[in-house]
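S.K.: quick one, structure for this:
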Amino acid sequence: MYWFSLILAGLFEVGGIINLKLTEGFTKLKPTIFFILSLCLSFFFPSH
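M.R.: As a prediction, this is how the structure comes out:
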């Protein structure tokens, strides 16, 4: 179960970095929200 949590966190981190590029300097709302949510989840999953 721990490996699954770690892999899931890694996927959210990659998704966050992709959305960081799409935010265009945090001027676009949807990618910015997805970026923040992805990074929050990438920190959440390894802690549990």
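S.K.: could you use CA atoms for every contact and neighbour count after this?
M.R.: Will do.
S.K.: got a pLDDT number for Ser47?
M.R.: pLDDT, the model's per-residue confidence, is 84 for Ser47.
S.K.: dihedrals phi and psi, it?
M.R.: phi -80, psi -10 (degrees, to the nearest 10).
S.K.: what's the spacing between it and Lys30?
M.R.: From Ser47 over to Lys30 the distance is 26 Å, taken as CA to CA, to the nearest Å.
S.K.: equivalent analysis for Ile17, please.
M.R.: Here the distance between Ile17 and Lys30 works out to 14 Å (CA to CA).
S.K.: I'd like the distance between Lys30 and Leu20.
M.R.: Per CA to CA, Lys30 is found 11 Å from Leu20.
S.K.: next up, the contacts around the closest residue to Tyr2 other than its chain neighbours.
M.R.: Among residues not flanking Tyr2 along the chain, Pro46 sits closest, at 7.9 Å (CA to CA, 6 or more residues apart in numbering). Contact partners of Pro46, counting by CA atoms under 8 Å, 6 or more residues apart in numbering, are Tyr2, Ser5, Leu6, Ala9.
S.K.: are any of those buried, and which?
M.R.: Neighbour-count burial within these applies to Ser5, Leu6, Ala9; the criterion is 16 or more other CA atoms under 10 Å.
S.K.: could you dump those residues to CSV with pLDDT, distance to Leu39 and secondary structure?
M.R.: Formatted as CSV, the entries for these read as follows, by pLDDT from 0 to 100; distance: CA to CA, whole Å; DSSP: H, G, I helix; E, B strand; the rest coil:
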residue, pLDDT, distance to Leu39, secondary structure
Ser5, 91, 14, helix
Leu6, 92, 13, helix
Ala9, 93, 9, helix
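S.K.: will you turn the residues you listed into a markdown table that also has distance to Cys40?
M.R.: Formatted as a markdown table, the entries for the buried ones among the contacts of Pro46 read as follows, by distance: CA to CA, whole Å:
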| residue | distance to Cys40 |
| --- | --- |
| Ser5 | 14 |
| Leu6 | 14 |
| Ala9 | 10 |
